[in-house]
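A.B. asks: sequence unknown, structure follows:
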């Protein structure tokens, strides 16, 4: 296995219904995760991109959230339909998708 150029973490946190923080699961993260895995497979990007399901990565109210390394770019409100754009523009084109970026204040 070669070292991937990009590592994508998709929050798949699931909390009980009514939890005050909510969760990415109730906002459709499973479909986002499945779409990343499907597109990486279809585009044969196994050597370049690694996708990992993860627990909570912070801003639950803005989910589903996706975090891309090595840049440390976080996206919020990601839908299945956004995955192709993230792959083509950011993961392959090295240009983060401005319309999906989380505000810088999440890191403070």
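C.D. replies: It's in. As the structure is a prediction and not an experimental result, all values here were calculated from the model.

A.B. asks: spatially nearest residue to residue 17, not counting backbone neighbours?
C.D. replies: In space, and not counting its chain neighbours, residue 17 is closest to residue 26: 7.5 Å by CB to CB, 6 or more residues apart in numbering. The way it works is simple: take the backbone N, C-alpha and C, and place the C-beta from them, glycine included.

A.B. asks: equivalent analysis for residue 5, please.
C.D. replies: Going by CB to CB, 6+ apart, residue 5 has residue 48 as its nearest residue, at 4.8 Å.

A.B. asks: that neighbour - how many residues pack around it?
C.D. replies: 15 (other CB atoms under 10 Å).

A.B. asks: so how far is residue 24 from it?
C.D. replies: Distance, residue 48 to residue 24, by CB to CB, to the nearest Å: 25 Å.

A.B. asks: if we go by neighbour counts, what in stretch 63-71 is buried?
C.D. replies: 63, 64, 65, 66, 67, 68 (16 or more other CB atoms under 10 Å).

A.B. asks: give the contact list for residue 91.
C.D. replies: By CB atoms under 8 Å, 6 or more residues apart in numbering, the contact set of residue 91 is 5, 6, 8, 45, 48, 49, 68.

A.B. asks: closest to residue 106 among the residues you listed?
C.D. replies: residue 68 (14.1 Å; CB to CB).

A.B. asks: host element of that closest one?
C.D. replies: Here residue 68, judged by DSSP states H and E, is contained in strand 66-69.

A.B. asks: packing partners for that strand?
C.D. replies: strand 6-11, strand 73-75 (3 or more CB pairs under 8 Å, 6 or more residues apart in numbering; DSSP states H and E).
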